[in-house]
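**Student:** need coordinates for the following:
(one chain, ligands or ions: 2)
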Amino acid sequence: MSNLDLLLKNISSNEKYPINFAELEQAAKEKLEVGPFGYIRSSAGGEETLRKNTESFAKYSIVPRFLNDVSSLNTEITLFGQIYPHPLFVAPVGMNKIAHEDGEIAVAKAAAKYNFPYIQSTVSSYSIEEVAAATEGSTKWFQLYWSKNKEISYNIVKRAEKAGYKAIVVTVDTVMLGWREEDVRNQFSPLKKGIAKGNFITDPVFMASLPDKTEDSIINGIVDYLYHPSLNWDAIAELKEQTSLPILIKGILHPEDAKLAIEKGIDGIIVSNHGGRQLDGVVASIDALPEIVEAVDGRIPVLFDSGIRRGADALKALALGATAVCIGRPFVWGLAAGGQAGVERVLESFLQETKVSISLSGVSHVNDLHKLKVVKS
Ligand SMILES: Cc1cc2nc3c(=O)[nH]c(=O)nc-3n(C[C@H](O)[C@H](O)[C@H](O)COP(=O)(O)O)c2cc1C
Ligand SMILES: O=C(O)C(=O)c1ccccc1
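**Tutor:** Ligands and ions are numbered 1, 2, ... in the order given. Below you'll find the model as predicted:
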């Protein structure tokens, strides 16, 4: 559907539905209980970083060019030798059943429909194999929480590879859970409720590691799996031995860590502060991006998340040098508000707004976006 079709479709529709992020969040709030809603909305500590993530976008302004003939737009990017139709991804978000019973299946199907590569979380409610079976042929990556229980991690990676996932994203900012006051206030832990177990109860290595097969043992096993404060660069070298898939590190905020990642042979990075959910008070993701792009200097792809709320934000991140951006909370609100159809609506709007924004900036190929002038105030 063209941009014009989308605008006219929306305008002629009698249906009322949430349009922007605030409206989506409100619609989700009306559907969800306070625990799940608070879990998804909130972040760590005093939520300083959560606020900064979105507010900081306003500091960057695009300076467009005109009279460039933008009648055709090419949004294709090439990553690890494969063509992706546009630079928008679905970020890894765990435990989607707290938002909607259809969970990751609904999200992955919506992602497939709009050609958003889907990054599935280790702590998903549905397993790798269930998601793969529901979305045959679509591009999927797997987000790994690496563990001190290495044999389990190795096996999960093997399963993702076998199921056709195209890259492994290792999240490094969550070796323990952030300090999340909203969840204490609501006495809510999806982990304790067993909502993260999709990939664990289906894993023979994990199940064999438990003292027995009770629900309590499974949940304790998952908590134990995730707690990994000793994680260090050696693990990355080991992981490289275990898979032939490209490996990305998610959670990079320091340019020196970006350089180290390249030295260690990592294939890509995701600049992210986990949506402010891990260490509060860290730099806004968009403020970390320019220096990292400079340090990386085109050697590996630099993906971006944390604070993307609309297509115009995606344009800014791409103009500041991101290769692609990942959508997080907006799709979760779409899922809560309307299941698969709700996610589809969010992704469709994101894609169309991003395309309109690129064209109106005077650029015809997404690869030229980094040449756009951006001023900071
Ligand atoms: C409810 C929720 C669960 C998340 N679970 C994971 C996860 O399992 N693995 C991961 O790497 N990141 C996880 N994230 C972080 C996202 O991948 C992404 O970094 C973050 O949502 C970006 O911030 P934004 O949504 O505010 O834009 C989660 C985020 C949310 C909101
Ligand atoms: O909530 C999160 O942000 C998250 O990433 C996570 C990771 C492990 C267990 C539970 C949640």
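
**Student:** does anything pack onto the helix or strand bottoming out on mean pLDDT in the chain? Which helices or strands?
**Tutor:** Sorting the helices and strands of the chain by mean pLDDT, DSSP states H and E puts helix 3-12 at the bottom, at a mean of 74. Judged by 3 or more C-beta pairs under 8 Å, 6 or more residues apart in numbering; DSSP states H and E, the packing partners of helix 3-12 are helix 329-360. Quick note: C-beta positions are derived from backbone N, CA and C, even for glycine.

**Student:** next helix or strand past the helix it packs on?
**Tutor:** strand 373-376 (DSSP states H and E).

**Student:** quick one: buried residues of that next one?
**Tutor:** residue 374 (16 or more other C-beta atoms under 10 Å).

**Student:** centre of the chain to it, how far?
**Tutor:** 26 Å (C-alpha atoms, centre = their mean, to the nearest Å).

**Student:** likewise stretch 196-210?
**Tutor:** That offset, for stretch 196-210, works out to 24 Å (C-alpha atoms, centre = their mean).

**Student:** do it and ligand 1 meet?
**Tutor:** No - Stretch 196-210 lies out of reach of ligand 1 by C-beta under 6 Å from any ligand atom, never closer than 8.2 Å.

**Student:** any buried residues in that stretch, and which?
**Tutor:** Neighbour-count burial for stretch 196-210 [16+ other C-beta under 10 Å]: 196, 197, 198, 199, 200, 202, 203, 205, 206, 209.

**Student:** out of these, list just those in helices.
**Tutor:** 205, 206, 209 (DSSP state H).

**Student:** pLDDT score for the nearest residue to residue 286 once chain neighbours are set aside?
**Tutor:** Among residues not flanking residue 286 along the chain, residue 56 sits closest, at 5.0 Å (C-beta to C-beta, 6 or more residues apart in numbering). Per-residue pLDDT puts residue 56 at 98.

**Student:** tabulate the buried residues of stretch 196-210 (a markdown table), appending distance to residue 68 and pLDDT.
**Tutor:** As requested, the buried residues of stretch 196-210 are exported to a markdown table (distance: C-beta to C-beta, whole Å; pLDDT from 0 to 100):
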| residue | distance to residue 68 | pLDDT |
| --- | --- | --- |
| 196 | 48 | 98 |
| 197 | 52 | 98 |
| 198 | 47 | 98 |
| 199 | 47 | 98 |
| 200 | 52 | 98 |
| 202 | 51 | 98 |
| 203 | 52 | 99 |
| 205 | 55 | 98 |
| 206 | 54 | 98 |
| 209 | 59 | 98 |
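
**Student:** and these, which is closest to ligand 2?
**Tutor:** residue 196 (5.9 Å; C-beta to the nearest ligand atom).

**Student:** what's the closest one in contact with, if anything?
**Tutor:** Each residue near residue 196 by C-beta atoms under 8 Å, 6 or more residues apart in numbering is listed here: 94, 95, 123, 124, 125, 190, 222.

**Student:** kindly report the same for residue 118.
**Tutor:** Here residue 118 is in contact with 89, 90, 107, 108, 111, 112, 131, 135, 138, 139, 140, 141 (C-beta under 8 Å, 6+ apart).

**Student:** wait, the second one touches residue 121, no?
**Tutor:** Meaning residue 90. No - using C-beta atoms under 8 Å, residue 90 makes no contact with residue 121, being 10.4 Å away.

**Student:** so which of the contacts of residue 118 belong to helices?
**Tutor:** Among the contacts of residue 118, the members found in helices (DSSP H) are 107, 108, 111, 112, 131.

**Student:** compare the residues you listed and tell me which is most surrounded.
**Tutor:** residue 107 (33 neighbours; other C-beta atoms under 10 Å).

**Student:** show me the contacts for it.
**Tutor:** Residue 107 neighbours (C-beta under 8 Å, 6+ apart): 90, 93, 96, 118, 331, 335, 340, 343.

**Student:** the first one bridge partners, please.
**Tutor:** Counting by DSSP bridges, residue 90 forms beta bridges with residue 118, residue 327.
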